[in-house]
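Student: Give the three-dimensional model of this entry:
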Amino acid sequence: MSRRGRALAFGAAALACALLAVKVATGYRSSVAAQYGDLQPVVVTARELPVGRPIGPAEIAEVLEIRRVPARFAPPGALSHPDDALGQAPATTLPAGSYLLAALLAPPAPEPSPAAGVGAGKRPVQVAVAGAEALVAGGASPEGTKVDVVVARASGLGDRARTRIVAAGVRLLALSPAKAPGEGGSATLAVTREQALELIEAEAASRQIRLLPRP
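Tutor: Next comes the predicted model:
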């Protein structure tokens, strides 16, 4: 047989093998489909997904994978595409290899917001104040307005009496004026951590704390 003839024979044999392989594979898939149902895509986790952490583009690209399994083995509610999970958060920790089910996802919990009227970076602190009656003299509630907080130190042992503004323009959250003459009132203020510590220290040292309304 000539070289060309041998080449043609080898080519025909290779083509026959390829066709046989395709037929076997098709027959196997048909047999699997007949027994277990058609293959369908499902999303699985390649790595652990922690509870409560929103699924973003990075997790879509790196953590979620698509696999094809017989329909009989696919759990109900399994996602078929990773993008369907974008912005959702696992309701429980999902280990690697888990099916990603719609029932296991929920919108992420909103981040806690600062208390109403306090403001970012501020915290409420309650201190005893003197002369709080002046803030309610006009009849209107001063709560929600801004005040300057003044600390007064009495004179003694050669020291002169001094007053200074500890916190300027802070929000007055609540005010309880004195109920009787000679009694002190209290105020709840929205201040920074440093201001809160300074006011607590002044109160502990029995220094007088007064509030001045801002114009």
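
Student: Residues touching the longest strand belonging to the chain, excluding its own?
Tutor: Ordering each strand of the chain by length in residues (DSSP state E) puts strand 162-176 first. With contact meaning Cβ atoms under 8 Å, 6 or more residues apart in numbering, strand 162-176 is reached by 117-119, 122, 124, 126, 132, 135-136, 142-153, 185-192, 195, 198-199, 202, 211, 214. Heads up, the C-betas are built off the backbone N, CA and C, glycines and all.

Student: Report the mean per-residue pLDDT for the helix or strand following that strand.
Tutor: Using DSSP states H and E, the helix or strand that follows strand 162-176 in sequence is strand 185-191. The predicted model assigns strand 185-191 a mean pLDDT of 89.

Student: got it, and stretch 174-182?
Tutor: Rounded mean pLDDT across stretch 174-182 is 72.

Student: if we can go back for a sec, which positions in the longest strand of the chain come out as buried?
Tutor: 166-167, 170-173, 175 (16 or more other Cβ atoms under 10 Å).

Student: tell me which of the residues you listed is nearest to residue 56?
Tutor: residue 171 (35.7 Å; Cβ to Cβ).

Student: any idea how far the closest one is from residue 194?
Tutor: 16 Å (Cβ to Cβ, to the nearest Å).

Student: residues touching residue 53, list them.
Tutor: 89-90, 108.

Student: Show me what residue 43 is bridged to.
Tutor: Residues in a beta bridge with residue 43, per DSSP bridges, are residue 66.

Student: any idea how far it lies from residue 56?
Tutor: Residue 43 is 15 Å from residue 56, where distance means Cβ to Cβ.

Student: again, but for residue 186
Tutor: Distance from residue 186 to residue 56, counting by Cβ to Cβ: 46 Å.

Student: Leaving out chain neighbours, which residue sits closest to residue 92?
Tutor: residue 51 (5.4 Å; Cβ to Cβ, 6 or more residues apart in numbering).

Student: For the one you found, give me its contacts.
Tutor: Listed by Cβ under 8 Å, 6+ apart, the contact set of residue 51 reads 89-93.

Student: returning to what we had before: what angle separates the longest strand of the chain from strand 185-191?
Tutor: Relative orientation of strand 162-176 versus strand 185-191 (axes from the mean of the first three to the mean of the last three Cα atoms, to 10 degrees): 100 degrees.

Student: Give me the sheet partners of strand 162-176 and which way each runs.
Tutor: Strand 162-176 has its sheet partners listed here by DSSP bridges as strand 146-153 (antiparallel), strand 185-191 (antiparallel).

Student: For residue 67, which of these is the nearest?
Tutor: Distance to residue 67, taken as Cβ to Cβ, is lowest for strand 185-191 among these, at 53.4 Å.

Student: Quick one: residues in contact with that closest one.
Tutor: 117-119, 122-130, 132-133, 147, 149, 167, 170-178, 199, 211.
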